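K.L.:
kindly generate the corresponding structure for this input.
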Amino acid sequence: VYFAGRPDNVEIVQFHPSYGYEDFVEGIRPKPVGTQVTYPVEDGIMKSICRKAEDRPNQKFVLVVDEINRGHLAKIFGELIHCLEYRGKDQAVILPYSQERFYIPENVYIIGTMNSADRSIALVDFALRRRFNFIEFFPKLDVLKQWLGKNASVAIADKVAALLTRVNERINSDDKLGEYFQIGQTYFMKKNLDEKGVADIWEYNIMPLLKEYFFEEKDELDFFQKAYHDTFA
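P.N.:
Residues are numbered from 1 along each chain as shown. As a prediction, the model looks like this:
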């Protein structure tokens, strides 16, 4: 919203294995009309936001695709892979259902989010990869400390940062895991966080994840529990 300037200029969609071209661009939808059923071509979210952007060329429009790597990207985008790179009316393509000429306006911005620890990232289509800029977000303890200092207490901020540092250093040094499996700071970015709140986050969010990372590795799990108790003894 900050970038687009208006809440109604931002759309959010989440990809998943069943999501398809018909949902994203356009597709045939059954529609009851009296005793009969018609099959009109209806716009998907991508086509809709592009139409709005075409009508308002001086405004910015943002489409956020959450979990972008969980969908079959080549299938979902179809001929829009071309339109992502080559913008404007001169680069319009013919859509298969409506037979309309379609292009992505210059004032449409697409932001895709993905969890880099998810192995399905390897399946991202290379033709699509080169049409996006990739920005990595690793845990930032200074952000966590500043946020907790304003929304909880400096003492809690220092302890949580110290704990997260020890946990992530251990994860980062593991040959099977590495930097992409680090624990993010947002687990702890809760207003009025106290030691009881930290204990709940540790028990119900962090430790279950660590048990997945270090399945049946008792020594490793003991290390993390000791790190927690040493910090919040």
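K.L.:
now for this structure, the helix or strand with the poorest mean pLDDT.
P.N.:
helix 126-129 (a mean of 73; mean pLDDT, DSSP states H and E).
K.L.:
not counting the next helix-or-strand element following that helix itself, show me its contacts.
P.N.:
Using DSSP states H and E, the helix or strand that directly follows helix 126-129 along the chain is helix 141-151. Contacts with helix 141-151, where a contact means Cβ atoms under 8 Å, 6 or more residues apart in numbering, come from 154, 156-158, 160-161, 164-165, 185, 188-193. From N, CA and C alone the C-beta is placed, and that goes for glycine too.
K.L.:
nearest to residue 26, out of those: which one, please.
P.N.:
For these, the residue nearest residue 26 by Cβ to Cβ is residue 189; the value is 39.0 Å.
K.L.:
give me the number of residues near that closest one?
P.N.:
15 (other Cβ atoms under 10 Å).
K.L.:
residues in contact with it?
P.N.:
By Cβ under 8 Å, 6+ apart, residue 189 lies in contact with 144, 147, 148, 151.
K.L.:
list buried members of those by neighbour count.
P.N.:
Applying 16 or more other Cβ atoms under 10 Å to the contacts of residue 189, the neighbour count classes 144, 147, 148 as buried.
K.L.:
any idea which residue sits dead centre in the protein?
P.N.:
residue 113 (2.8 Å; Cα atoms, centre = their mean).
K.L.:
looking at the contacts of helix 141-151, which has the most residues close by?
P.N.:
Those, ranked by neighbours (other Cβ under 10 Å): first place residue 160, 26 neighbours.
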